[in-house]
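Engineer: what's the 3D shape of this:
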Amino acid sequence: MGTLYDLTYPPVFRYCLRRSGNRGLAEDITSIVFLKGAGSISGFSGAGFQDFRRWVFTIATNELNADCRKTARRWELLRDAATAGQLRHQARGEVVEENVGRDTLQTVLLKLSDRDQAIIVLRFYSELSYDDVATILDMSPGAVRTAASRALEEMRNELRIEI
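Structural biologist: Model prediction:
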């Protein structure tokens with residue numbers, strides 16, 4: 001498990017940081033993810049690294065969503081992240097933050113539903129495939145593509161730029 005941890009900790013931490021917008025919270029959630037993973041590794045039925053990675057990202061998504069539901073400080077932490085400019089968005093190879101401010105981009109991202117935020121962050125920040133995102137969020141790849149397209153359209157309309 002040590003090698004798998006070494007390979008998956010950095011991208012899971014980055015995902016948690018981008019979703020939470022707070023380094024301390026991201027560290028806490030990432031720790032919880034790997035503790036839960038270690039505690040339930042006997043129930044892991046995957047066959048390889050990609051299956052393990054999807055499984056860990058699923059745990060991370062569930063933990064992040066649970067944290068979002070149970071804490072009122074979510075918006076405050078994400079506003080702090082936007083102010084600190086910790087997040088950037090890449091879409092189709094272009095760094096959008098060059099065209100709009102980080103604060104604006106983060107504000108627009110926060111207007112999306114939790115599910116759409118997860119899709120955008122997993123797909124474009126964590127650079128996971130649509131199939132991986134679908135597995136993590138328990139959706140079909142087609143539904144992820146459609147939701148991502150709609151979320152990007154919402155962002156485009158809010159930003160009034162071409163993403």
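Engineer: any idea how far residue 114 is from the residue with the largest distance to the centre of the chain?
Structural biologist: Distance from the centre of the chain peaks at residue 42, with 25.6 Å (Cα atoms, centre = their mean). Distance of residue 42 to residue 114, computed by Cβ to Cβ, to the nearest Å: 30 Å. Placement of C-beta: from N, CA and C, glycine included.
Engineer: likewise for residue 41?
Structural biologist: With Cβ to Cβ as the criterion, residue 41 and residue 114 are 27 Å apart.
Engineer: what sits up against the helix ranked longest in the chain?
Structural biologist: Secondary structure of the chain per DSSP state H: the longest helix is helix 49-70. Contacts with helix 49-70, where a contact means Cβ atoms under 8 Å, 6 or more residues apart in numbering, come from 4, 7-8, 11-12, 15-16, 19-20, 25, 29-30, 32-34, 36-37, 44, 46, 74, 114, 118, 122, 126, 128, 132, 135-138.
Engineer: out of those, which sit inside helices?
Structural biologist: 4, 7-8, 11-12, 15-16, 19-20, 25, 29-30, 32-34, 36-37, 74, 114, 118, 132, 135-137.
Engineer: just want the most central residue of this protein.
Structural biologist: Note on the chain: the residue nearest the mean C-alpha position is residue 121, at 3.8 Å, using Cα atoms, centre = their mean.
Engineer: tell me who's in contact with that residue.
Structural biologist: Residue 121 touches 15, 18, 19, counting by Cβ under 8 Å, 6+ apart.
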